[in-house]
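Peer 1: any chance you could fold what I've pasted below:
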Amino acid sequence: MAAARIRALGEPGDLGWVVMAHGEQYTREFGWDASFEALVARIVADFAAKHDPARERGWIAELDGRRVGCVFCVQGDQPGTAQLRILLVHPDARGHRLGRRLVDTCVAFARDAGYERVALWTNDVLVAARGIYRAAGFRLVAQAPHHSFGADLVGQDYELVL
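Peer 2: The predicted structure is shown next:
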């Protein structure tokens with residue numbers, strides 16, 4: 001059986017891997033253009049430049065020592081709200097429950113950090129991720145069509161009250 005673990009973000013190459021993996025995977029699976037990779041790069045750069053370690057963290061999922069997934073927890077725009085960002089599990093690592101473990105790690109951190117809720121934004125085409133969010137107790141609070149990343153999408157806002 002493969003050895004899977006979730007560890008704190010912070011090893012050399014982690015930040016670049018997060019950006020690269022998102023760019024490659026979302027282009028391959030959904031045909032999204034480079035504007036999505038640019039969005040992820042901005043999220044990662046903002047986190048690297050100015051995150052508050054007491055209130056914001058990132059995690060990497062590994063399978064047999066290889067990076068295969070990630071998630072970030074950052075302070076949201078509303079007081080008391082954490083934001084779950086850039087969840088990813090590489091297709092080669094699916095079936096090991098790493099997506100669920102990453103979300104659970106993020107939610108537990110948000111609770112321990114004193115947040116009242118966790119919010120996230122996703123798109124309806126991300127069926128597996130939406131299933132993980134719903135299984136963790138998130139509920140859909142809003143949705144709207146938009147054109148982003150070279151595709152027509154339906155953006156969805158989810159929230160979990162802690």
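Peer 1: contacts, neighbours, all on C-alpha from now
Peer 2: Fine.
Peer 1: which residues touch stretch 126-133?
Peer 2: Identification of contacts with stretch 126-133 by Cα atoms under 8 Å, 6 or more residues apart in numbering yields 87, 99-100, 103, 122, 124, 139.
Peer 1: now render the residues you listed as TSV, adding distance to residue 40, pLDDT and secondary structure.
Peer 2: Output for those, formatted as TSV (distance: Cα to Cα, whole Å; pLDDT from 0 to 100; DSSP: H, G, I helix; E, B strand; the rest coil):
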residue	distance to residue 40	pLDDT	secondary structure
87	11	97	strand
99	18	95	helix
100	21	96	helix
103	18	98	helix
122	13	96	strand
124	18	94	coil
139	24	98	strand
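Peer 1: buried sites along the host helix or strand of residue 25?
Peer 2: Per DSSP states H and E: residue 25 is located in helix 14-30. Going by neighbour count (16 or more other Cα atoms under 10 Å), the buried part of helix 14-30 is 14-15, 17-19, 21-27.
Peer 1: now swap in stretch 110-129 and tell me
Peer 2: 110-111, 115, 117-123, 129.
Peer 1: that stretch: end-to-end distance?
Peer 2: One end of stretch 110-129 to the other measures 19 Å (Cα to Cα, to the nearest Å).
Peer 1: before we move on, the earlier item: ok, the buried residues of helix 14-30 vs residue 95, which is closest?
Peer 2: For those, the residue nearest residue 95 by Cα to Cα is residue 25; the value is 16.7 Å.
Peer 1: which residues touch the closest residue to the closest one other than its chain neighbours?
Peer 2: The shortest distance from residue 25 to any non-neighbouring residue, by Cα to Cα, 6 or more residues apart in numbering, is to residue 90 (7.4 Å). Listed by Cα under 8 Å, 6+ apart, the contact set of residue 90 reads 21, 25, 68-69.
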